[in-house]
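J.: Fold the following, please.
(chains A and B)
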Amino acid sequence: DAGITQSPRHKVTETGTPVTLRCHQTENHRYMYWYRQDPGHGLRLIHYSYGVKDTDKGEVSDGYSVSRSKTEDFLLTLESATSSQTSVYFCAISGPRGATNTEAFFGQGTRLTVV
Amino acid sequence: AQSVTQLDSQVPVFEEAPVELRCNYSSSVSVYLFWYVQYPNQGLQLLLKYLSGSTLVKGINGFEAEFNKSQTSFHLRKPSVHISDTAEYFCAVSVGNNDMRFGAGTRLTVKP
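T.: Here you go, the predicted model:
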């Protein structure tokens, strides 16, 4: 999986609690992404990062924040989890050595359930 | 922003038959196109990609796709499928900003 580790792999949390998902890469890729996967919607981009401390919103960013303080780590935070955020979350990386428009490599996913 | 439409949510097919999974995209600028496969409880794996050049792209596991700019399509084909091809397939498009957008997916089921 191109040196991408997501943690935790599974999490159950209660509505209203904060949750942080971590993505760690060992490939030194420039770009990192967080997607959510839901039936009938495919993968939708939440946020992405194009460098340390450089992030931008995707198409479904409401209710989520991200941080990237190091090249290898990209954190996704749900400030106050809601049931609509129950989903499978995927981290992806792309852009080795600053290249653009290359394919993305995906982690194994984190299954988050908000009860 | 760019977008992708996968025209079939499910495609059942018998083993050794040919298959085509359809993908149309929308973008006002030049695009880069990808097909990914997802096996159960796994992440996505790249099948093939079109960045430039020849419009017929060959990928892994015997899959190929053809980029058709006039029809804004990037359909995935395989001449003879196997049981092991049963999976979900995603078409994706990106433009120069590395903002990659995915279609809703097509579930391919290969029957014996």
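
J.: in chain A, which residue is closest to the centre?
T.: The residue lying closest to the centre of chain A (Cα atoms, centre = their mean) is residue A:34, at 2.6 Å.

J.: what's the burial count for residue 105?
T.: Picking chain A for this. Burial of residue A:105 is recorded as 21 neighbouring residues (other Cβ atoms under 10 Å in any protein chain shown). Backbone N, C-alpha and C define where each C-beta goes, glycine included.

J.: The intended chain is chain B.
T.: Residue B:105, neighbours per other Cβ under 10 Å, totals 25.

J.: so how far is residue B:36 from it?
T.: 9 Å (Cβ to Cβ, to the nearest Å).

J.: okay, and the common contacts of those two?
T.: Contact criterion Cβ atoms under 8 Å, 6 or more residues apart in numbering or on different chains; residues shared by residue B:105 and residue B:36: B:89, B:90.

J.: can you map out the helices along chain A?
T.: For chain A, applying DSSP state H gives no helices.

J.: So which residues on it come close to chain B?
T.: Proximity of chain A to chain B, by Cβ under 8 Å from any Cβ of the partner chain, involves residues A:1, A:31, A:33, A:35, A:40-45, A:48, A:50, A:58-59, A:90, A:92, A:94-95, A:100-101, A:103-109.

J.: So which of these belong to strands?
T.: When DSSP state E defines the strands, the subset of the residues of chain A next to chain B inside them is A:31, A:33, A:35, A:42-45, A:48, A:50, A:90, A:92, A:94, A:105-106.

J.: Residue of chain A closest to chain B, please.
T.: residue A:106 (3.7 Å; Cβ to the nearest Cβ).

J.: nearest residue to that residue other than its sequence neighbours?
T.: residue B:43 (3.7 Å; Cβ to Cβ, 6 or more residues apart in numbering or on different chains).

J.: Against residue A:16, how distant is the one you found?
T.: 29 Å.

J.: Please apply the same query to residue A:30.
T.: 35 Å.

J.: Those two: which is more packed in?
T.: The residue with more neighbours, out of residue A:30 and residue A:16, is residue A:30; 21 against 10, by other Cβ under 10 Å.

J.: Check what pLDDT the more buried one gets.
T.: Per-residue pLDDT puts residue A:30 at 86.

J.: Quick check: phi and psi at it.
T.: Main-chain torsions, residue A:30, degrees, to the nearest 10: phi -70, psi -50.

J.: Run through the residues that contact the closest residue to it other than its chain neighbours.
T.: Nearest residue to residue A:30 in three dimensions, chain neighbours excluded: residue A:95, at 4.1 Å (Cβ to Cβ, 6+ apart). Counting by Cβ under 8 Å, 6+ apart, residue A:95 makes contact with A:29, A:30, A:31, A:102, B:98.

J.: out of these, who's nearest residue B:57?
T.: Nearest to residue B:57, judged by Cβ to Cβ, of the contacts of residue A:95 is residue A:102 at 14.5 Å.
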